[in-house]
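Asks: Return atomic coordinates for the entry below.
(one chain, ligands or ions: 1)
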Amino acid sequence: MGGGHLLTKITFFERFEQDILSGAKTITLRDEAESHVFAGQILPVSTFEADRWFCDIKVIEVVPVLFSALTEQHAAQENMTLPELRRVIQEIYPGLEQLFQIRFCVVNTRAHSIN
Ligand SMILES: CC(=O)Nc1cc[nH]c(=O)n1
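Replies: Numbers count the residues shown, from 1 in each chain. Presented below is the predicted three-dimensional model:
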């Protein structure tokens, strides 16, 4: 079995928040360290910058993908063009070839309260 620590939360840059909440961004490409999630898992999502919670997501699938094999389809699911996606991923993970595509849907956007 693959090693690594199961993720119990995930962060996104604030600039992706509206695309996630609107459903325009339905995948995220992560490195191995952030790939340890499983289909059906529900994860709280916070901003990277301020650690502000803004939704929960449900993981639909996790699929390995090489940087060199990114396609327009991946880009569309990130709400970007392919050149934009390549530039963004190269900035976040310089020189990294092995990525993991996490496909997700938003399941909750309101902090729950008791009472
Ligand atoms: C904070 C952070 O790493 N955010 C990322 C990284 C890769 N893809 C993405 O959508 N967000």
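
Asks: ok, and what's touching stretch 64-72?
Replies: Stretch 64-72 has contacts (CB atoms under 8 Å, 6 or more residues apart in numbering) with 29, 35, 74, 81-82, 85-86, 89-90, 93, 96-101. Using the backbone N, CA and C atoms, a C-beta is placed for each residue, glycine as well.

Asks: Quick one: mark the members of those that sit in helices.
Replies: Judged by DSSP state H, helices contain the following of the contacts of stretch 64-72: 74, 82, 85-86, 89-90.

Asks: which residues of this structure fall in helices?
Replies: Listed in chain order, the helices of the chain (DSSP H) span residues 17-22, 72-77, 82-92.

Asks: between these, which gets nearest to the ligand?
Replies: The stretch from the helices of the chain with the least distance to the ligand (CB to the nearest ligand atom) is helix 82-92; that distance is 4.9 Å.

Asks: how about that closest one, does it reach the ligand?
Replies: Yes. Residues of helix 82-92 are located near the ligand by CB under 6 Å from any ligand atom, namely residue 92.

Asks: I'd like the mean pLDDT over that helix, please.
Replies: Per-residue pLDDT over helix 82-92 has a mean of 98.

Asks: can you redo the helices of the chain as JSON lines with distance to residue 62?
Replies: Formatted as JSON lines, the entries for the helices of the chain read as follows, by distance: least, CB to CB, whole Å:
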{"stretch": "helix 17-22", "distance to residue 62": "17"}
{"stretch": "helix 72-77", "distance to residue 62": "14"}
{"stretch": "helix 82-92", "distance to residue 62": "16"}
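
Asks: residues contacting the residue nearest the centre of the chain?
Replies: Central residue check for the chain by CA atoms, centre = their mean: the C-alpha nearest the mean position is that of residue 28, 2.9 Å away. By CB under 8 Å, 6+ apart, the residues touching residue 28 are 10, 12, 78, 101-102, 104.
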